[in-house]
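**Student:** Fold the following.
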Amino acid sequence: MIYDLAQISGKNLFRRGKRSWLTVIGIVIGITAIVALFSLGQGLEDSVTQEFEELGANTIFILPGEGLEGFFSEGGLDEEDLEAIRRTQGVGEAGPVIYTQTTGEFRGEEQRVPMLGIPTDSSQEMVMRSNNLEVDSGRNIREGDRFSGLAGYDLHEGNIFEREVGLRSQINLAGENVRTVGLLEASGDPEFDRSIALPIETVRDILDEDDRIDYVVAEVSAGEPDDIARDIEEEIRRERNIQAGDEDFTVSTADDLIDSFLGILNLVQYVVLGIISIALFVGGLGILNTMYMSVSERTKEIGIMKALGARKNQILAVYLFEAGIIGLVGGVIGIVLGLGLSELAFYIIRQSVAIPLEPSRSIQLIGGALGASFVLGVVSGYLPARKAANLEPVEAIRKG
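**Tutor:** Presented below is the predicted three-dimensional model:
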């Protein structure tokens, strides 16, 4: 019986031809956008989580300001704060970092080139690891180096200047000539990949800010990161002589930063989803209109079917099948297009910033999109289907 009803519904859809395909378009647009959005979002979430996990669960970031905003703040911490962090029980290593923007000149060409100030003491390895910085060729900067630096991935790959920055190249940064002694691998951070890493003392000299620190990276040697983070916060409050609640800094574990980032990402996703839902609503209205027109055009056919013994629930099922098939076809096309768009988007991102991103193609996403499109079709077609099922045979034949 179900097969027969589905067969009848399919024939009716093919008979309407162009009108059916025009109705499908609204569903295709909505499902394409939703699948692309969630595929991109989940892929980005997986990549960020993986990157932070590689940094190590024992890493703690001390930032000026609140949360992720601290990574984009200049200054706000000083040497006294660093010493307070280092004397906190459970902290193994702690190192300062400066990140600032400047103009770089290389062989007569000027471009924006960030300067990254990192320590050259025993905390250097930990700081570089926590920021996913690794020397690919040449050597690392070391104590005693003054105007020696490490060229980011995009610089030595020729993605910033017309010519590639190689080992022993000279780059002018803020009026100072810097010689590259090492080349960095891709870090996954587009800003770090276009930067020059220098000894932190050199960056301070260039900026004329003797004890500037933009953020501090600490590594836990004993204890739970969350507990050590609270101890660091208390130690800095004591050093600054401030009360709890008056902090102008943030102490975050790797898990805290992941949660903050994913919270922002989810908020953006849901806002965009709300906008996309308008397209699905329009698609549902298209199915509603098409099905009402179908009922009007096939009134006589419905009357004959009922006169031959077709029951209300059978007529209802025929129209619900038709509406569901429209939604399902739109869903299948939308899924294919959505996954294709997300793959294209991540391909462009990977080529531009060398970030290892992969779109999500989970069964839950595909199954959810198919289910949603089918349900949307059935719900949109219910009122026209009920109208068809309630037609009286004699009246329907007469009107037809």
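**Student:** quick one, strands of the stretch 1-150 of the chain?
**Tutor:** 59-64, 91-100, 103-106, 109-112, 115-118, 135-138, 148-151 (DSSP state E, counting those that start in this stretch).
**Student:** Minimum distance to Asp226: which of those has it?
**Tutor:** Among the strands of the stretch 1-150 of the chain, strand 59-64 comes nearest to Asp226, with 9.4 Å by C-beta to C-beta. Placement of C-beta: from N, CA and C, glycine included.
**Student:** elements contacting the closest one?
**Tutor:** Judged by 3 or more C-beta pairs under 8 Å, 6 or more residues apart in numbering; DSSP states H and E, strand 59-64 is in contact with strand 215-220, helix 225-240, strand 249-253, helix 254-297.
**Student:** Reformat those as a markdown table; add distance to Arg146 and mean pLDDT.
**Tutor:** Formatted as a markdown table, those follow (distance: least, C-beta to C-beta, whole Å; pLDDT from 0 to 100):
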| stretch | distance to Arg146 | mean pLDDT |
| --- | --- | --- |
| strand 215-220 | 23 | 92 |
| helix 225-240 | 30 | 91 |
| strand 249-253 | 30 | 87 |
| helix 254-297 | 33 | 71 |
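**Student:** Need the winner for burial among these.
**Tutor:** strand 215-220 (a mean of 24; mean count of other C-beta atoms under 10 Å).
**Student:** From the rest of the structure, what touches it?
**Tutor:** Residues outside strand 215-220 that contact it (C-beta atoms under 8 Å, 6 or more residues apart in numbering): 56, 58-64, 70-71, 77, 81-82, 85, 88, 90-97, 99, 123, 126-127, 130-131, 228, 232.
**Student:** which of the residues you listed are buried?
**Tutor:** 58-64, 70-71, 77, 81-82, 85, 88, 90-91, 93-97, 99, 123, 126-127, 130-131, 228, 232 (16 or more other C-beta atoms under 10 Å).
**Student:** Looking at the strands of the stretch 1-150 of the chain, spot the one closest to Ala186.
**Tutor:** With C-beta to C-beta as the measure, strand 135-138 is the member of these nearest Ala186 (8.7 Å).
**Student:** and the closest one, how far from the chain's centre?
**Tutor:** When C-alpha coordinates are averaged (C-alpha atoms, centre = their mean, to the nearest Å), strand 135-138 and its chain have centres 30 Å apart.
**Student:** any idea of the mean pLDDT for it?
**Tutor:** For strand 135-138, mean pLDDT is 93.
**Student:** CA atoms only: put that strand into CSV for me.
**Tutor:** Output in CSV follows, covering the C-alpha atoms of strand 135-138 (Å, rounded to 0.1, in the frame of the first residue of the first chain):
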residue,chain,number,x,y,z
VAL,A,135,62.0,26.3,13.6
ASP,A,136,61.9,24.6,10.2
SER,A,137,65.5,25.6,9.1
GLY,A,138,68.3,27.7,10.4
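**Student:** what's the pLDDT at Ala354?
**Tutor:** pLDDT at Ala354 comes out at 55.
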